[in-house]
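any chance you can model this:
(chains A and B)
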Amino acid sequence: MSELESEYRLEYFEENDFVRKECPSCGAHFWTRDHDRETCGEPPCADYSFIDNPGFDEAYTMEEMREAFLSFFEDNDHARIDPYPVAANRWRDDVLLTQASIYDFQPLVTSGETPPPANPLCISQPCIRMQDIDNVGRTGRHTMAFEMMAHHAFNAREEAEGEYAYEGEVYWKNDTVRYCDELFESMGANLDEIVYIEDPWVGGGNAGPAIEVIYKGAELATLVFMSMKQDPEGEYELKDGNRYSPMDTYIVDTGYGLERWTWMSQGTPTVYEAVYPDMIAFLKENAGIEHSEDEEQLIHRAAKLAGHMDIDEADDMDVARDNIADKLDVNVSELTALTRPLEDIYAIADHCRALAYMFGDGIVPSNVGTGYLARMVLRRTKRLVDNVGIDAPLDELVDMQAKRLDYHNRDTIRDIVRTEEAKYRKTLERGSRRIEQLADEHAGTGDPIPTDELLELYDSHGIQPDMVKEIAEERGATVDVPDDFYSLVAARHDSEQAFQDQDETDDRLRELPDTEKLYYEDQQRTEFEAVVLDVFEREEGYDVVLDQTMFYPEGGGQPADRGSLTSEDLTAEVSDVQIRDGIVLHRTDRDPGKGEFVRGQVDVTRRRRLMRHHTATHVVGYAARQVLGDHIRQAGAQKGTTSSRFDITHYERITREQVKEIEHVANEIVMDNHPVKQEWPHRHEAEEKHGFDLYQGGIPPGTNIRLIHVADDVQACGGTHVKRTGDIGCIKILNTEPVQDGIERIVFAAGDAAIDATQRSEDALYDAADVLDVTPQEVPDTAERFFTEWKERGKTIDRLKSELAEARAAAGGDEIDIDGTPVVVQRLDGDTDELRKMANAFVDEGKVAVLGSANGGSATFVVGVPDDVDVNAGELVGQLAQKVGGGGGGPADFAQGGGPDVDELDDALDDAPELLKSVLNA
RNA sequence: GGGCUCGUAGAUCAGUGGUAGAUCGCUUCCUUCGCAAGGAAGAGGCCCCGGGUUCAAAUCCCGGCGAGUCCA
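Residues are numbered from 1 along each chain as shown, chains lettered A, B, ... in the order given. So this is what the prediction gives:
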């Protein structure tokens, strides 16, 4: 780290008479104007000194503080940028949630491939961090949801001119620190109390020097100077043990916590009271929490020490609590009783904000991805709400935050919360029953409920061990939750996933120029001429590279075109088309020859069908959004020639009624015959105009992107489309199915494929009608009638068999007497059911029944024995069945068996009296 | 995406290879002025679907469909 020391010797520090010091408590190096300062000033090396003693001239609300920050940087020539969604997986696939403002510009802007929306810029980016979830509410300063205010500058080294999407240096370290100082100054802060701690930053393959900004005990900002990338040959070894080397781009990445700044300006006991005063007041009142003057005092004093309550840093929460109680000279349990409900309330307000962000940005609860995170937060919040005794419905609490955040889809958000809450309630009900059952089993034994059971309850049924303890102990069972419970859960899941290697790039391929894509110029044309630039021999066939092509390569869920390439000498069939780094590869069965002129012919019928389905996909997506709500987003799509599937995010099953409505809306768009337009605007222009909903099928790289307009629907899309919606013909939804929790699949057909599909289902109906000999309209009623009749007949047959069995039994059989016991041995070819009924009938008359049958190619025996006769039916059947090459068994009073040797049946029955005799005598 | 659990009467669930069950609910009757409750009788099951193993599958095996849950 010492290698980085020079990185922090800034001219700005020198000019303003800062001194560099080492904290005697934690060893960190820091810069300060106060030459007498000793510690770094950050908890646990110091306490908060701004509670009840705000660090700024005025108290700001969160909204005011955001505006103050952004306008400060606007006045300093930064462009103000609108925030991005919290669902970062909408533009990158390496993370789920937006955790910092720099996430907005990774990876394309930070790497220099795409220009930033402005340079320099400022933003206030909503973020969600799940890592600190256990600290939320307790430390007074941690939140899961927060806004990271930031200013960024994207610099490129002068040597690298022209290689990146931005050039030269905007500003670097000195200006960044100066801005920070000036911002503090504009708020009326005491500059002598600001501490700049040296704290190198490493993460995500990048690194650089960084400075933590501490004021009155609170970390208010982090200034990161991202300038290095991971490199095994690099000259710097950083704290993660890896080596790093300088990059060509270097980026100012700052983070100013909006909530902390607001808190600092108000000096409330906790950050939560500063940022959600109304909601906290509401929750307190609803939960019936009131404090006396003395209690209020105590809470304030505890808050100043609460910086020590950090699960990561303090070894143990209880120790930290003890510490605080000790310093305040009060009883720990008293303090806990006072602060615990407050901590829950703070967490609820924070969690509700996180949920509002998530659902507001279109995340749908699920068992995977961001949806799962949302579900976890919601369930946790629900537990807290119940715990602290708040009776307001959860959707109302979330709505309070959604309203404050000004989301326009509040009805959907509430609906999602209610649906999800109901699901959780069911899970809890199921869980309670399971626990009660388990508790009753173990209550008498004196042993605690086994840990395995606890693990399964949690892992397979989502039941918290706390809940098991609570319910089970009420029923007199003991529960020991092991301390390492969650690591035991983790142990059940340890399976490594293999990473796929990237296929090596072909050097010869890289030399070739990008293929000119004629299919974008005129999507209706299917014939073209081209020059063969190169031919690669593959295991099966050839990959042909042309200078230009009409063939659409597989992409965006649209399958590749097929067709042929014809030269003077031969015609090669094109069976597949792929694109690699801008070069289109045509897979053919013959080699047309490098340098040849060829005429390309795309399979027209196939292409037309694909185009219809592709445009139809946009239309169906738009219609689904109209019918189901704005949260609908594409979660995957695959176009085909006979049908296409389109996966959408939705929180419940799509009903039949909704399907019909979607179909109507979609076909109206078709009938209105809207033009389908394409354009290639600059990506920033497009984003500004249409927002992130543009990127339904993923984010394309590049400065300009292709937009497809279908009626009011706009999407970034690289596929081929029909000219007007009327060309689709018609759209028929064939099916909907759940792909995973929170994602529904719509299967549909367009154009002639829709007709084909409709005809197929009609055929099925007609065939069914034919079988039933009724009209198609009568099929449902008739089917129901038949099914009911069929069931009734089954019952009738059953009854008749019983009656028949009784009648036969009454008629008596070849009854013999063995040692005073009446025995009937009889062959009667019927099914097992009949034999059983007859055997029962004989037994009712006090007779032993030995019945045999040859039915369906095998021999069957049933033996019934009255209670007062000492014969083991199971054994007897076993012996009889052996004679026909099979086996059998059953309880002592009633048994069945059989075997394949039907011919031996009569002999076996003949032997029955003898066998019986020996069993009786035994 | 991966792991685990579960699909049996209207509901909740027993049933681990040998005659499909319990509780609640439902219907009818009795008791009651009426209700709650009680008593008696009864109806109600393609044991999720399709294969396989077996003399025999609700039960065991494989596949599918559906539900739940945990992890990334």
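
surely A:Gly208 touches A:Met226?
Yes: at 4.5 Å, A:Gly208 counts as touching A:Met226 under the criterion of CB atoms under 8 Å. Every residue, glycine included, has its C-beta placed from N, CA and C.

which neighbours do the two have in common?
Residues touching both A:Gly208 and A:Met226 (CB atoms under 8 Å, 6 or more residues apart in numbering) are A:Trp201, A:Tyr250.

where does the residue in the stretch 501-650 of chain A that RNA strand B sits nearest to land in three-state SS?
Here the stretch 501-650 of chain A gets closest to RNA strand B at one residue, A:Gly636, 8.5 Å apart by CB to the nearest atom of the strand. Under DSSP: H, G, I helix; E, B strand; the rest coil, A:Gly636 falls in the strand class.

hey, what's it bridged with?
Here A:Gly636 sits in beta bridges with A:Asp647, going by DSSP bridges.

tell me the confidence at it?
Looking at A:Gly636, its pLDDT reads 84.

would you check that it makes contact with A:Asp647?
Yes: between A:Gly636 and A:Asp647 a contact is recorded at 4.1 Å, counting by CB under 8 Å.

more neighbours, those two?
A count of neighbours by other CB atoms under 10 Å puts A:Asp647 above the other of A:Gly636 and A:Asp647, at 21 against 14.

which residues touch that one?
Counting by CB under 8 Å, 6+ apart, A:Asp647 touches A:Gln634, A:Ala635, A:Gly636, A:Ala637, A:Val739, A:Ile743, A:Glu744, A:Arg745, A:Ile746.

surely A:Pro675 is in contact with A:Val722?
No: contact between A:Pro675 and A:Val722 fails when scored by CB under 8 Å: they sit 10.1 Å apart.

who's more crowded, these two?
Ranked by neighbour count (other CB under 10 Å), A:Pro675 and A:Val722 place A:Val722 first, with 22 against 11.

for the stretch 201-350 of chain A, which spans come out with low pLDDT?
The model of the stretch 201-350 of chain A has pLDDT under 70 over residues A:307-318.

which single residue in it comes nearest to RNA strand B?
Closest contact between the stretch 201-350 of chain A and RNA strand B, by CB to the nearest atom of the strand, is at A:Gly204 (14.5 Å).

show me what contacts that residue?
A:Gln106.

how far away is it from A:Ile348?
Here the criterion is CB to CB, to the nearest Å. By it, A:Gly204 lies 32 Å from A:Ile348.

ok, now which ones touch the residue of the stretch 501-650 of chain A closest to RNA strand B?
Contacts for A:Gly636 (CB under 8 Å, 6+ apart) come out as A:Gly557, A:Phe646, A:Asp647, A:Val739, A:Ile743.

same question for A:Arg538.
A:Arg587.

dihedrals phi and psi, it?
For A:Arg538, the backbone dihedrals (degrees, to the nearest 10) come out as phi -120, psi 170.

now do A:Thr571
According to degrees, to the nearest 10, A:Thr571 has phi -120, psi 130.

can you name the residues that contact it?
Counted by CB under 8 Å, 6+ apart, A:Thr571 has contacts A:Ser564, A:Leu565, A:Arg590.

please name the bridge partners of it.
As for beta bridges, A:Thr571 partners with A:Thr566 under DSSP bridges.

state the distance from it to A:Thr588.
Remark: distance between A:Thr571 and A:Thr588 (CB to CB) = 10 Å.

how about stretch A:96-115: buried residues?
Neighbour-count burial for stretch A:96-115 flags A:96-112, A:114-115 (criterion: 16 or more other CB atoms under 10 Å).

that's all I had, so thanks and see you.
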